[in-house]
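[1] sequence and predicted structure below; questions after.
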Number of protein chains: 2
Amino acid sequence: MKVAVFGFGNQSYYRDVINMESLLGGEPPFGGARMAMEFAQAGYEVVLSDPHISTIDASLIEKVKAAGVELTTDDAVAAKDAEVAILFTPFRSGISMKIAERIIPHLGKGAVICTTCTMPVLVFEVAVKKTLFMEDREDIGFSTMHPAAVPGTPKHKHYFIATNELLEDHIVEPEQIEKLKKLAQDTGKTPYLIPAELVSAMGDMGVVATSAAFASALEYYAVSRKYLKTTKEMTEFQLAQAFQVMASIIAKYGLEGLVKFINSEALKVSLSSMLYDEKIQKVAFSSMEALENIRAISEDLPEKTKIFTKYEPTFLSAPSPMLISYIEELAGEDVAKGIIREALRKLYEGNKS
Amino acid sequence: MKVAVFGFGNQSYYRDVINMESLLGGEPPFGGARMAMEFAQAGYEVVLSDPHISTIDASLIEKVKAAGVELTTDDAVAAKDAEVAILFTPFRSGISMKIAERIIPHLGKGAVICTTCTMPVLVFEVAVKKTLFMEDREDIGFSTMHPAAVPGTPKHKHYFIATNELLEDHIVEPEQIEKLKKLAQDTGKTPYLIPAELVSAMGDMGVVATSAAFASALEYYAVSRKYLKTTKEMTEFQLAQAFQVMASIIAKYGLEGLVKFINSEALKVSLSSMLYDEKIQKVAFSSMEALENIRAISEDLPEKTKIFTKYEPTFLSAPSPMLISYIEELAGEDVAKGIIREALRKLYEGNKS
């Protein structure tokens, strides 16, 4: 089976900007090139395409070639008859969509295009769906080979593969998922099958926030049972309200808005009545510690907040799933889907209005 | 100035169910009755109305009376000429709305009705707005005297007062806010002026989740600057995505859905690549600890999850503020407002569809 990887990975970022070897260990190349090497070492036919190969250290190029990876600057060559195409392309640039347009005509029958940590699969899928139709290539599926770690570091022992679960319109076939599972397993990684909408929230860097939210939800549920004896429904309302408000403030007003509108002093005095059990409430107690040293982590935000004065009012707490059901009623399912994806794209592209 | 308080507070819940004295200290009565006592002790004319006064311990009734509070079972009597009406009424029952209908004709000119921890002020405001219009009482404003703690416990040293900030349609006048500030201060409490949409998220029990989300957002921003050197925009996208997904899962599928769809094992392996600095990332490290002992806090959820098999697909990651701007385009501002409030009410009432 042929695997095409697009994007070598920005080695100067890994080396000079974040110093990956000392941060997380491992050795270069990191990113797409490392994934390609591991697939080749597992016996797959692998082509790695990157327009900037000529700028990459010769020693790294040699290493990749030695692992059995074919290198090219021509995306169409890489794509030719490939069954799996993996995009390790730059974040937020539209480049992924352009590559998709170039490679779709050349991919093997029933191929699956996978995004990684650089692009949510559903934002991508909606952007290139039209191309599939125009090229009469609706045999092609979409999923992820999300490393949920930096390939080349010792922590990278898994891939997150996006499934259809929770989606109304399926994006991938069971055989395509099976191919990806086998590809992960053949490189010694654990495949995790994850609903498509959750892959980015669980695999990207924002996993720090997802984990804090998840753990605090369960902690609060435990406390509501053990100490407060409140209903599960009330706990759910409280949690949905809290996370909806936080998501909306950040989506609409950015981190300046978060710091401006959430009075951390008020948050602290309120939280202090909800700390009952250090054993159960690890996250709640550490949140209090963080709030007590807020200046240490808020960095330049207080300064930015001072100049943040113009903002449109909006509604912060209205929950997305309920809004979506109304949009469907108002405008029909197809329009609703378009709007939802457009809203997601706006968020992805950092358009706050 | 006359202050009317509605709802004595469920003393048997405080005493028998959660054992408030040993949990947080202080002494009964807790809740609405305690607030009324403190206002009266500060020199205000205070009437406390509750239909179940006859079922309350005589010793508590005596204590409240001794503080100078007048007691009644007739809401209209309590409301007569009151400038501030505070609802310490049961959670999720529609009772608050019914009381509002009864008292609105009797309140003093320019009175302000305040919700507390039992009802988000904006859910309430939208439900009773029509009554104001019908009774020609649009002089009445809405805000909160949210204790953000249990009145009667030593932690209760503050009130959260809802402001118009972030709202398109104002719900309260500056003079009404001033009255509430003075009322808080006169009882020795610190008034915090909080945008109306944030009062519940910051003051209710879900503050544990709001705090974890807030602290984890700032931590991640600090790490993205110090270690990852990623852009502020990328951090914001990641955060909005994480909290939006968590809010949507819980709003739509409840805690069973959360536990079912978020694979905690996968979350853990992904988070492990994002732990760089224990000093900065207090919440992230404690989230990992929580994930490692997930069974200790997930209680009966694994069991509930087993029987949770029927669920509608939906879109989890589409951000509310962007959806709202499309609803406005589709249906106009007035319809949009109605839908938003209806969506919020659905969430509040625990209707997941």
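    On my side now, so go ahead. Numbering: from 1, shown residues only, chains lettered A, B, ... in the order given.
[2] what residue spans form the domains of chain A?
    What the record gives for chain A is the domain set A:2-203, A:207-339, from automatic domain parsing.
[3] now mean neighbour count, distance to B:Ile250 and mean pLDDT too, for those, in a markdown table please.
    For glycine as for every other residue, the C-beta is placed from the backbone atoms N, C-alpha and C. Output for those, formatted as a markdown table (neighbours: other Cβ atoms under 10 Å in any protein chain shown; distance: least, Cβ to Cβ, whole Å; pLDDT from 0 to 100):
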| stretch | mean neighbour count | distance to B:Ile250 | mean pLDDT |
| --- | --- | --- | --- |
| domain A:2-203 | 20 | 13 | 96 |
| domain A:207-339 | 22 | 5 | 93 |
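[4] closest to B:Thr163 out of the ones you listed?
    domain A:207-339 (10.5 Å; Cβ to Cβ).
[5] show me what the helix or strand encompassing A:Ile99 is packed against.
    Following DSSP states H and E, one finds A:Ile99 within helix A:95-103. Helix A:95-103 is packed against strand A:2-6, helix A:75-79, strand A:84-87, strand A:112-115, helix A:121-134, with contacts defined by 3 or more Cβ pairs under 8 Å, 6 or more residues apart in numbering or on different chains; DSSP states H and E.
[6] between those, which gets nearest to A:Ser22?
    strand A:2-6 (26.0 Å).
[7] contacts for the closest one?
    Contacts to strand A:2-6, defined as Cβ atoms under 8 Å, 6 or more residues apart in numbering or on different chains, come from residues A:32-33, A:35-36, A:39, A:44-50, A:75, A:78-79, A:81-89, A:99, A:103, A:107-108, A:183.
[8] 7 Å instead, please
    Identification of contacts with strand A:2-6 by Cβ atoms under 7 Å, 6 or more residues apart in numbering or on different chains yields A:32, A:35-36, A:39, A:44-49, A:75, A:78-79, A:81-89, A:99, A:108, A:183.
[9] okay, now the sheet partners of that strand, with direction.
    Using DSSP bridges, the strands paired with strand A:2-6 are strand A:45-49 (parallel), strand A:84-87 (parallel).
[10] any chance of the ones you listed in TSV, with distance to A:Pro195 too?
    What follows is the strands paired with strand A:2-6, written out as TSV (distance: least, Cβ to Cβ, whole Å):
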stretch	distance to A:Pro195
strand A:45-49	28
strand A:84-87	20
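[11] which one of these lies closest to A:Ile140?
    Nearest of the strands paired with strand A:2-6 to A:Ile140, taken as Cβ to Cβ: strand A:84-87 at 8.7 Å.
[12] now find how far off-centre that closest one is within its chain.
    Computed by Cα atoms, centre = their mean, to the nearest Å, the chain-centroid distance of strand A:84-87 equals 16 Å.
[13] same check on stretch A:17-29?
    Using Cα atoms, centre = their mean, the offset of stretch A:17-29 from its chain centre is 21 Å.
[14] are it and chain B in contact anywhere?
    Yes. Using Cβ under 7 Å from any Cβ of the partner chain, stretch A:17-29 reaches chain B at A:17-18, A:23-24.
[15] repeat for stretch A:151-166
    Yes. Applying Cβ under 7 Å from any Cβ, one finds stretch A:151-166 touching chain B at A:155, A:157-158, A:160, A:166.
[16] mind checking which of those residues are in strands?
    Taking DSSP state E, the ones among these that sit in strands are A:158, A:160.
[17] leaving out chain neighbours, which residue sits closest to the most centrally placed residue in chain A?
    Among the residues of chain A, the one closest to the centroid is A:Ser200, at 2.3 Å (Cα atoms, centre = their mean). Counting by Cβ to Cβ, 6 or more residues apart in numbering or on different chains, the nearest residue to A:Ser200 once its immediate chain neighbours are dropped is A:Pro120, at 4.3 Å.
[18] what do you get for A:Cys114?
    Nearest residue to A:Cys114, sequence neighbours excluded (Cβ to Cβ, 6+ apart): A:Met145, at 4.3 Å.
[19] for A:Thr163, same thing?
    Nearest one to A:Thr163, counting by Cβ to Cβ, 6+ apart, is A:Leu193 at 5.0 Å.
[20] so the one you found belongs to a strand, correct?
    Yes. According to DSSP: H, G, I helix; E, B strand; the rest coil, A:Leu193 belongs to a strand.
[21] report the separation between it and B:Leu267.
    14 Å (Cβ to Cβ, to the nearest Å).
[22] surely A:Thr230 touches A:Ala222?
    No. Contact criterion Cβ atoms under 7 Å: A:Thr230 and A:Ala222 do not qualify, at 12.0 Å.
[23] coming back round to it: so the residue nearest to A:Thr163 touches A:Ala162, yeah?
    No. Using Cβ under 7 Å, A:Leu193 makes no contact with A:Ala162, being 8.3 Å away.
[24] still on that earlier bit, farthest-apart pair in the residues of stretch A:151-166 next to chain B, please.
    Pairwise distances across the residues of stretch A:151-166 next to chain B peak at 27.2 Å for A:Lys155 and A:Leu166 (criterion: Cβ to Cβ).
[25] would stretch A:315-331 count as contacting chain B?
    Yes. Stretch A:315-331 is in contact with chain B by Cβ under 7 Å from any Cβ, via A:315-324, A:326-327, A:330-331.
[26] tell me which stretches of the stretch 251-353 of chain A form helices.
    A:264-271, A:282-292, A:294-298, A:301-306, A:320-348 (DSSP state H, counting those that start in this stretch).
[27] mind listing residues that contact the fourth one?
    With contact meaning Cβ under 7 Å, 6+ apart, helix A:301-306 is reached by A:255-256, A:259-260.
[28] ok, which stretches of the stretch 101-250 of chain A are helices?
    Ranges of helices within the stretch 101-250 of chain A are A:121-134, A:174-186, A:196-203, A:207-223, A:232-261, based on DSSP H, counting those that start in this stretch.
[29] okay, these in a markdown table with distance to B:Gly206 next?
    As requested, the helices of the stretch 101-250 of chain A are exported to a markdown table (distance: least, Cβ to Cβ, whole Å):
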| stretch | distance to B:Gly206 |
| --- | --- |
| helix A:121-134 | 28 |
| helix A:174-186 | 37 |
| helix A:196-203 | 20 |
| helix A:207-223 | 7 |
| helix A:232-261 | 3 |
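[30] which of those helices sits closest to B:Thr210?
    Using Cβ to Cβ, the nearest of the helices of the stretch 101-250 of chain A to B:Thr210 is helix A:232-261, at 4.3 Å.
[31] residues in contact with A:Glu168?
    Counted by Cβ under 7 Å, 6+ apart, A:Glu168 has contacts B:Pro313.
[32] ugh, typo on my part, it should be A:Ala213
    A:Ala213 touches A:243, B:209, B:212-213, B:242-243, B:246, counting by Cβ under 7 Å, 6+ apart.
[33] picking up where we left off before, ok, so of the contacts of helix A:301-306, who is nearest chain B?
    Among the contacts of helix A:301-306, A:Leu255 lies closest to chain B (Cβ to the nearest Cβ), at 5.9 Å.
[34] so the closest one touches B:Tyr221, yeah?
    Yes. Taking contacts as Cβ under 7 Å, A:Leu255 lies within contact range of B:Tyr221: 5.9 Å.
[35] got the confidence number for A:Ser353?
    With respect to pLDDT, A:Ser353 scores 50.
[36] list the contacts of stretch A:113-128.
    With Cβ under 7 Å, 6+ apart, stretch A:113-128 has contacts from A:84-91, A:96-97, A:100, A:140, A:142-147, A:162, A:171, A:180, A:196-197, A:199-200, A:203-204, A:341, A:344-345, A:348.
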